[in-house]
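Q: Have a look at this fold, sequence not included:
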Ligand SMILES: Nc1ncnc2c1ncn2[C@@H]1O[C@H](COP(=O)(O)OP(=O)(O)OP(=O)(O)O)[C@@H](O)[C@H]1O
């Protein structure tokens, strides 16, 4: 019963696994769990958090906050796309908006595409777990267009087609199975990768890295040269073997003097560095 409750609050149920035993009693509908969960926040605490943080908002955050809250309070709804560089206060804004709406006794469903982002949001869940949706298909199955009888059958959804085993050969329709070799990877910006050590790293450089020391940060995440692949492309997307390494102007002045002093020409910086040794087209 407890397992069924957890599954239902995640938008799924034991009945989705044929071999699993089912609970004797029917568990309340998942939507009721969802609503009860979402109404169980401590409104007083949220109100305090909101009243404290609202005073800290920047002008830009305040503008976005007011626009979204206007749409919520006026029940107009809307789709808002907020973007900004890392650390510019997007999560701060989500938290404030969530606190504002939840402290009014209303419901906020915080969802994100990755689990990491969710750790920062109260009650946050991944979109596919929250809505019980399977959003990643490792194979793209469809009805073969030559099967004109079944090709437009709406019951033959991608979800259903993906659940069919290759050995099911008595199908009343002709299926086209296109499998894609996918291995799970994780993409992050160079700034975010600081502090991590990884055995395999692919670095995509569609343009020169733009701040001091950033190329070093990216390359030094990987523990061996073998695990490193760099893809450098020019404006037309053609693979290249060089990129610019940007360093601070103070070092630009300082190092040539040092170089002259040491007669050690390899200490030069602010030149295009060759990454041929590292570069392998991904
Ligand atoms: N107006 C503000 N007043 C005080 N602190 C703030 C404000 N906006 C953001 N911060 C703080 O700055 C830090 C970074 O903000 P936040 O995590 O919201 O950025 P982000 O845009 O979501 O970053 P990322 O894209 O890297 O996830 C956090 O510690 C947050 O509490």
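A: Here it is on my side, so go on. This is a predicted model, so every value here is computed, not measured. Residues are numbered from 1 along each chain as shown.
Q: going forward, measure contacts and count neighbours with C-alpha atoms only.
A: Noted.
Q: Strands along the protein, start to end?
A: 111-112, 125-126, 139-143, 175-179, 201-205, 228-233, 239-240, 242-244, 272-274 (DSSP state E).
Q: So residue 193 versus residue 60, what's the distance?
A: 27 Å (C-alpha to C-alpha, to the nearest Å).
Q: So the two - more neighbours on which side?
A: Taking other C-alpha atoms under 10 Å, residue 193 and residue 60 do not tie; residue 193 has more neighbours (14 against 9).
Q: Cross-check the contact I'm expecting between the more buried one and residue 222.
A: No. Taking C-alpha atoms under 8 Å as the definition, residue 193 is not a contact partner of residue 222, at 10.6 Å.
Q: what about residue 79, neighbour count?
A: Residue 79 has 7 nearby residues by other C-alpha under 10 Å.
Q: And for residue 86?
A: Quick note: residue 86 (other C-alpha under 10 Å) scores 11 neighbours.
Q: And residue 147, what's its pLDDT?
A: Residue 147 carries a pLDDT value of 88.
Q: same question but for residue 269, I mixed them up
A: 36.
Q: Then residue 58?
A: So, for residue 58, pLDDT stands at 94.
Q: which regions of the stretch 1-150 of the chain sit below the pLDDT cut-off?
A: Within the stretch 1-150 of the chain, the ranges that satisfy pLDDT under 70 run 9-11, 23-34, 113-120, 125-140.
Q: For this structure, what lies in contact range of the ligand?
A: 56, 57, 58, 85, 86, 87, 88, 89, 90, 91, 92 (C-alpha under 6 Å from any ligand atom).
Q: Just the buried residues of stretch 76-87, please?
A: Judged by neighbour count (16 or more other C-alpha atoms under 10 Å), stretch 76-87 contains no buried residues.
Q: what's next to it, contact-wise?
A: Stretch 76-87 is contacted from outside by 68, 71, 90, using C-alpha atoms under 8 Å, 6 or more residues apart in numbering.
Q: show me the contacts for the last one.
A: Contacts for residue 90 (C-alpha under 8 Å, 6+ apart) come out as 82, 83, 84.
Q: could you measure it against residue 96, distance?
A: For residue 90, the distance to residue 96 - C-alpha to C-alpha - is 10 Å.
Q: follow-up on the earlier one: go through the contacts of stretch 76-87 and say which is closest to the ligand.
A: Relative to the ligand, the closest of the contacts of stretch 76-87 is residue 90; by C-alpha to the nearest ligand atom it sits at 3.8 Å.
Q: Do I have it right that residue 229 meets residue 218?
A: No. In this structure residue 229 lies outside contact range of residue 218 using C-alpha under 8 Å: 11.1 Å.
Q: shared neighbours of the two, anything?
A: Counting by C-alpha under 8 Å, 6+ apart, the residues touching both residue 229 and residue 218 are residue 203.
Q: how about the helices of the chain, start to end?
A: 2-9, 30-38, 43-53, 59-73, 90-102, 115-118, 127-130, 158-162, 190-193, 214-219, 249-262 (DSSP state H).
Q: count of neighbours near residue 122?
A: Counted with other C-alpha under 10 Å, residue 122 comes out at 14.
Q: Next, count neighbours for whatever residue of the stretch 151-282 of the chain ends up closest to the ligand.
A: At 7.2 Å from the ligand, residue 192 is the closest residue in the stretch 151-282 of the chain, using C-alpha to the nearest ligand atom. Other residues within reach of residue 192, judged by other C-alpha under 10 Å, total 12.
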